[in-house]
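Undergrad: Pasting the sequence and the predicted coordinates here, then a few questions.
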Amino acid sequence: MRFTPKILHKHAQVLVEKETKRNRSILAAYLRGSLLYGSPLIGGAGDIDLVFIHSAPPLKKHQIIRITPEIHFDIEHHDELLYRTPRELRLDPWLGPTLRDAVPLHDPRHLLDYTQASVRSNYCFPENLLARSKPLLDAARQFWMDRQISPPLEITSEIPAFLSALEAAINAVAILSGPPLATRRLGLSFSDRATAVDAPSLNIAFHHLMGGISLSEEILMGWINAWEKALGILKEESSSPPLLAEREIYYKNALEDIIKSSKPVDALWPLIVTWTEIISTLPDRTDIQLPWIKALTTLGFAGKDYLVRLAAFDSFLELCESLVLGESASGG
């Protein structure tokens, strides 16, 4: 069966109707994520992002429900208290863009109607643009400042922090022209977002910062094999594996599809981010750390090379800061 956006949207509506009949605590539900902007599939795998708003704190915060091995629902459960101050949500770098574009699928009390009206009001005013982007830039800058005060941490602790700071800087720019970029699509989509704010060179700087500008398809496929082995061990040994463990096909199909495309470097971000998450979850398994460390060394994230990378991150962050401040001053 060919899963078109229309068919996936229908699946979402059917699930929402089923869940709202079964669970009376659900006040509202909405669709968000890549399905709103086209097909969510990469390499034949994808997800349907839903949010359920509950009248009391939900028992589950996050869950995966499968449609097929390749396609699943990715569902977040929120307490209605999160939506009590919608004008503040307008300034949130994650929920602001999400709610602006969200498609309500269940809203009998008009909670989403009211929330979206408040979020969309003056959404693109310069001060609101800055309010959404600046906290991300501040977090990224704080990471860099901390490394000037004290030396970087050991690699298994340092790399997650570096990637988090870089993601914050990238999304500070990305949300000037659209929603935040999720892990799987960040490498694919940042070029368009940078171009949308007249800064196409920022994407090239990002790839240089990741150290993957000249990576071959062969090297990347070898890293995917090591990634897959580490993920298998995570499934076997972790008492409470992260959601990543339930999304192996979702990531693997996308990684392989991107690598076989004309720009295999776009697979580097989701590969390194998810691989790092696996390693962080199994800190005592030095055997599966070794291929990851070798990959990071190849990319220039070890020893003295990493100090050079931190200096490059400072320059990258200055470009992002200048761009965000300029865009917010002009109103987008």
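TA: Cool, the structure landed. Residues are numbered from 1 along each chain as shown.
Undergrad: Burial check on residue 304, number of neighbours?
TA: Using other C-beta atoms under 10 Å, residue 304 has 8 neighbouring residues. C-beta here means a position set from N, CA and C on the backbone, and glycine is covered the same way.
Undergrad: any idea how the chain splits into domains?
TA: The record's domain split for the chain, according to automatic domain parsing, is 5-120, 127-324.
Undergrad: Output those as TSV; include the columns mean pLDDT.
TA: Below are those laid out as TSV (pLDDT from 0 to 100):
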stretch	mean pLDDT
domain 5-120	96
domain 127-324	93
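Undergrad: Go ahead and confirm residue 27 touches residue 51.
TA: No - checked against C-beta atoms under 8 Å, the pair residue 27 and residue 51 is beyond contact range at 11.3 Å.
Undergrad: List the buried residues of the helix or strand that contains residue 269.
TA: Assigning secondary structure by DSSP states H and E places residue 269 in helix 268-281. Within helix 268-281, the residues that qualify as buried by neighbour count (16 or more other C-beta atoms under 10 Å) are 268-279, 281.
Undergrad: same check, this time on stretch 70-79
TA: By 16+ other C-beta under 10 Å, the buried positions in stretch 70-79 come out as 70-78.
Undergrad: of those, closest to residue 262?
TA: Closest approach between the buried residues of stretch 70-79 and residue 262, by C-beta to C-beta: residue 70, at 23.2 Å.
Undergrad: Enumerate every residue touching residue 137.
TA: If a contact means C-beta atoms under 8 Å, 6 or more residues apart in numbering, then residue 137 has 168-169, 172, 317, 320-321, 324 as its contacts.
Undergrad: That one: which element?
TA: Here residue 137 is assigned to helix 126-149, by DSSP H and E.
Undergrad: Now that helix - C-alpha only, CSV.
TA: Provided in CSV are the C-alpha atoms of helix 126-149 (Å, rounded to 0.1, in the frame of the first residue of the first chain):
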residue,chain,number,x,y,z
PRO,A,126,10.2,41.6,15.6
GLU,A,127,10.1,41.3,19.4
ASN,A,128,8.4,37.9,19.2
LEU,A,129,10.8,36.6,16.6
LEU,A,130,13.7,37.6,18.9
ALA,A,131,11.9,36.1,22.0
ARG,A,132,11.7,32.7,20.3
SER,A,133,15.2,32.6,18.9
LYS,A,134,17.3,34.3,21.6
PRO,A,135,17.0,31.7,24.3
LEU,A,136,18.4,29.1,21.9
LEU,A,137,21.3,31.3,21.0
ASP,A,138,21.9,32.1,24.7
ALA,A,139,22.0,28.3,25.5
ALA,A,140,24.5,27.7,22.7
ARG,A,141,26.6,30.7,23.8
GLN,A,142,26.6,29.5,27.4
PHE,A,143,28.0,26.2,26.3
TRP,A,144,30.9,27.9,24.5
MET,A,145,31.5,30.3,27.5
ASP,A,146,31.7,27.3,29.9
ARG,A,147,34.5,25.8,27.8
GLN,A,148,36.5,29.0,28.1
ILE,A,149,36.3,28.9,31.9
